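In: Curious how this folds, go ahead:
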Amino acid sequence: MPQNNTHSVVIGYIAWLLGFLGCHRFYYGKPITGTIWFFTLGLLGIGWLIDLFLIPGMDRDADRKYLEGSLDYSLGWILLIFLGFFGVHRMYMGKWLTGILYLFTAGLFGLGYLFDLWTLNEQIDDINSEEG
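Out: Numbers count the residues shown, from 1 in each chain. The predicted structure is shown next:
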């Protein structure tokens with residue numbers, strides 16, 4: 001059975017640079033620990049440094065968990081992290097109405113942005129699974 005390659009180690013390490021905010025953990029589908037990292041600044045930096053060595057394993061786990069398809073997880077996450085308050089990631093997924101709503105409300109006043117940090121992998125996975 002061929003191995004999925006839904007997530008990228010390179011993007012994981014780029015997100016790790018912002019890891020004290022939990023970005024890499026959200027990217028790899030770990031929203032609970034991502035939230036803990038967000039509120040504790042990567043467990044006061046200690047967890048953030050340890051994750052430097054854990055990223056390859058998190059990447060393998062995400063590749064096994066999520067389905068490949070026409071939507072690229074890494075691109076969706078880049079759009080969310082850098083342009084999420086403008087809804088660009090939602091437009092990329094074809095969710096134009098909520099994308100435009102995010103554009104005019106700063107990601108629904110930040111709450112929608114936080115929701116998407118928790119659920120973006122599943123949203124993309126749902127769209128990719130509908131194609132099959």
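In: quick one: buried residues of whichever strand or helix holds residue 14?
Out: Residue 14 is part of helix 9-17, with elements assigned from DSSP states H and E. Buried residues in helix 9-17, counted by 16 or more other C-beta atoms under 10 Å: 11, 12, 13, 14, 15, 16. All C-beta spots, glycine's among them, are computed from the backbone N, C-alpha and C.
In: Torsion angles phi and psi at the one residue sitting closest to the centre of the chain?
Out: Residue closest to the average C-alpha location in the chain (C-alpha atoms, centre = their mean): residue 27, at 3.3 Å. When read as degrees, to the nearest 10, the backbone of residue 27 gives phi -60, psi -40.
In: give the contact list for it.
Out: By C-beta atoms under 8 Å, 6 or more residues apart in numbering, residue 27 lies in contact with 7, 11, 12, 15, 62, 77, 121.
In: Which residue ranges of the protein form helices?
Out: 9-17, 23-27, 31-44, 46-65, 73-83, 88-92, 96-109, 111-131 (DSSP state H).
In: Now render those helices as a markdown table, adding mean pLDDT.
Out: Shown next, in a markdown table, are the helices of the chain (pLDDT from 0 to 100):
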| stretch | mean pLDDT |
| --- | --- |
| helix 9-17 | 94 |
| helix 23-27 | 95 |
| helix 31-44 | 94 |
| helix 46-65 | 96 |
| helix 73-83 | 95 |
| helix 88-92 | 98 |
| helix 96-109 | 97 |
| helix 111-131 | 95 |
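In: From residue 96, how far off is the residue nearest to the centre of the chain?
Out: 24 Å (C-beta to C-beta, to the nearest Å).
In: Please give me every residue in contact with residue 98.
Out: Applying C-beta under 8 Å, 6+ apart, the residues near residue 98 are 87, 90, 112.
In: closest to residue 101 among these?
Out: residue 87 (6.9 Å; C-beta to C-beta).
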